[in-house]
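S.K.: Fold the following.
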Amino acid sequence: MAKMRTVDAAVAILEKEGATEAFGLPGAAINPFYSAMRAHGGIRHTLARHVEGASHMADGYSRAADGNIGICIGTSGPAGTDMITGLYAAQADSIPMLCITGQAPVAKLHKEDFQAVDIESIAKPLTKFAMTILEPGQVPGAFQKAFQLMRSGRPGPVLLDLPIDVQMAEIEFDIDAYEPLPVEKPKASRKQLEKALDMLTSAQHPLIVAGGGIINAGASAQLVELAEILNVPVIPTLMGWGAIPDDHQLMAGMVGLQTSHRYGNETFLQSDFVIGIGNRWANRHTGGLDTYTAGRKFVHIDIEPTQIGRVFSPDLGIASDAGAALDGLLELARERKAANELPDYSGWVAECQERKGSLHRKTNFDNVPIKPQRVYQEMNKAFGRDTTYVSTIGLSQIAGAQMLHVFGARKWVNAGQAGPLGWTAPAALGVVRGTPDATVVALSGDYDFQFMIEELAVGAQFNLPYIHVVVNNSYLGLIRQSQRGFNMEQNVSLAFENINSPETNGYGVDHIKVAEGLGCKAIRVEDPNDLPAAFDKAKALMGEFKVPVVVEVILEKITNISMGVEINGVNEFEELAESAADAPTAILTKA
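M.R.: Numbers count the residues shown, from 1 in each chain. Below is the predicted model of the structure:
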């Protein structure tokens with residue numbers, strides 16, 4: 001066998017495991033690994049401006065396409081701790097991501113050496129596997145185990161910490177003799193799925209709740225086929241949005257306290273049976289459990305056995321990969337359809353379609369400053385079915401999820417559980433790396449945009465074009481709205497008179513100058529009638545210059561977006577759309 005440095009072995013393993021897209025920052029403690037990447041030549045590296053940004057880029061890359069695993073690389077100490085928010089975002093949403101950190105020499109780990117930190121202990125609660133590799137001979141096996149764990153069961157991130165002397169050490173290694181370890185995923189039995197299907201077909205008003213596990217499994221086509229054979233409506237979760245296209249007749253809307261549709265909540269409340277596949281019953285989806293569970297039976301299918309019963313006990317729980325479960329359910333459904341043993345749910349579907357056609361929120365406002373609803377209406381007009389949206393947190397994300405349209409899996413990329421401010425821009429860059437031919441549109445409020453804004457320069461340097469829509473109300477809008485119950489607005493205003501940019505009219509930061517200073521293009525919109533031209537111009541600029549293009553929309557400062565604490569008690573702040581003219585881009589709007 002050949003004798004080589006451990007880092008040369010590790011980089012060869014990355015290629016064989018199919019992980020060849022890296023984001024990071026070099027430095028003294030990780031320079032040997034960078035030298036191995038340079039010598040190998042097969043790992044593309046994108047230089048971030050902040051290590052947290054690199055971790056979100058790797059996360060976005062992993063989410064962009066089936067099978068992707070993004071790599072985040074950093075030096076010791078602060079680089080590792082900077083990755084922690086990125087690990088949290090990936091772990092919370094079941095995203096595989098590999099973080100690699102440099103470390104002080106093994107003999108100095110207990111001596112408070114410069115930038116030495118016990119990153120293994122810090123990262124363990126937020127990873128499937130975290131290890132400081134103390135013996136050079138363990139490097140191939142640690143990487144082998146890391147890839148197996150990232151892909152097995154509920155996916156998630158791992159962190160491998162490499163002391164610099166371990167990186168430099170030589171070992172015997174033959175990449176031709178290396179094989180990835182088998183991926184382990186539970187699979188539902190036919191008997192289990194027969195019981196689940198028996199419960200569904202015994203109901204009068206059944207629903208399928210489609211979670212992010214379906215998208216992780218690459219099983220959206222199976223979901224749609226199953227729904228069509230059974231003729232049963234589908235409620236996607238926020239992480240499962242796109243598993244069934246928004247304009248499919250069986251897409252019944254999203255349910256929840258914030259990122260939900262009025263028709264979705266109303267349909268759910270009329271149901272008597274729910275089968276959840278690859279979902280985790282998140283609290284923003286369920287609201288109060290007494291309301292959510294009353295009068296209906298539940299089947300829960302999830303890849304992680306301990307997820308079943310974590311939030312509430314279902315009537316039947318099945319530990320299974322979502323794709324395997326859907327394949328099994330499809331086989332059974334086809335058999336029963338051929339034997340004419342499936343109930344007729346056409347009346348129930350018609351009820352759901354009627355709600356979907358009549359319970360839309362109004363979006364067509366001409367106000368100046370602009371109401372946010374109009375922004376999403378114009379985005380629906382400007383961007384086509386193949387658009388991939390990227391967002392993370394705030395009123396912008398909530399309203400966007402209520403009013404935008406998504407037509408396929410992985411076309412809504414969202415840090416759903418963690419929701420870290422600043423995630424959007426670097427994640428969008430990772431999505432562009434993962435889907436270079438896609439139209440990527442990011443959505444942020446002004447505060448989310450200002451976190452990690454420096455990463456725009458990465459898009460300019462590496463020609464990673466996307467459109468970033470920034471809805472600017474100069475407020476921490478979601479926090480301001482949540483403070484209404486306390487009758488206050490405490491520490492939530494971002495407004496100030498910008499002495500260098502009086503044209504911002506008291507809205508504070510001049511995002512146009514900042515974006516342009518970072519090498520990007522930017523447009524400001526103050527009149528809603530200018531939005532179509534602005535989006536057209538943004539697309540043209542993105543195509544011409546191959547850099548991120550910021551479209552800043554100046555909003556009215558105070559807008560309350562529909563939300564509540566119970567799915568039967570969402571506070572609606574705007575009137576219902578009474579005609580197609582009130583919500584011209586709504587799907588199945590009642591004429």
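
S.K.: can we go C-alpha only for contacts and neighbour counts from here?
M.R.: Noted.

S.K.: For the residue nearest the centre of the chain, what are phi and psi?
M.R.: Centroid-nearest residue in the chain, with Cα atoms, centre = their mean: residue 414, separated by 2.6 Å. The phi/psi pair for residue 414 (degrees, to the nearest 10) reads phi -150, psi 130.

S.K.: give me the beta-bridge partners of it?
M.R.: Beta bridges link residue 414 to residue 391, judged by DSSP bridges.

S.K.: List the contacts of it.
M.R.: When contacts are counted by Cα atoms under 8 Å, 6 or more residues apart in numbering, residue 414 touches 239, 390, 391, 392.

S.K.: What's the per-residue pLDDT of it here?
M.R.: Looking at residue 414, its pLDDT reads 95.

S.K.: What of residue 118?
M.R.: 94.

S.K.: now it: how far from residue 390?
M.R.: 33 Å (Cα to Cα, to the nearest Å).

S.K.: Just want to know which of those two has more residues nearby.
M.R.: residue 390 (26 against 17; other Cα atoms under 10 Å).

S.K.: Surely the more buried one and residue 440 touch.
M.R.: Yes. The pair residue 390 / residue 440 is scored as a contact, 7.4 Å apart, by Cα atoms under 8 Å.

S.K.: shared neighbours of those two, which are they?
M.R.: Common neighbours of residue 390 and residue 440 (Cα under 8 Å, 6+ apart) are residue 428.

S.K.: and which of the contacts of residue 414 is nearest to residue 66?
M.R.: Nearest to residue 66, judged by Cα to Cα, of those is residue 239 at 14.7 Å.

S.K.: State whether residue 342 is indeed within a helix.
M.R.: No. Counting by DSSP: H, G, I helix; E, B strand; the rest coil, residue 342 falls outside a helix, being coil.

S.K.: And what about the closest residue to it other than its chain neighbours, helix, strand or coil?
M.R.: Residue nearest to residue 342 in three dimensions, not counting chain neighbours: residue 336, with 6.1 Å by Cα to Cα, 6 or more residues apart in numbering. Taken by three-state DSSP, the conformation at residue 336 corresponds to helix.

S.K.: what about residue 336, distance to residue 197?
M.R.: 10 Å.

S.K.: Which one's more surrounded, these two?
M.R.: Each of residue 336 and residue 197 has its neighbours counted (other Cα under 10 Å); residue 197 has more, 18 against 15.

S.K.: so that one touches residue 329, yeah?
M.R.: Yes. Between residue 197 and residue 329 a contact is recorded at 7.4 Å, counting by Cα under 8 Å.

S.K.: okay, and for the protein, where does confidence drop off?
M.R.: Within the chain, the segments meeting pLDDT under 70 span 589-591.

S.K.: Give the bridge partners for residue 73, please.
M.R.: As for beta bridges, residue 73 partners with residue 24, residue 100 under DSSP bridges.

S.K.: which residues touch it?
M.R.: 22, 23, 24, 25, 26, 54, 99, 100, 101.

S.K.: Ok, residue 321 next?
M.R.: Contacts of residue 321 by Cα under 8 Å, 6+ apart are 153, 185, 186, 187, 188, 213, 217, 278, 301, 302, 303.
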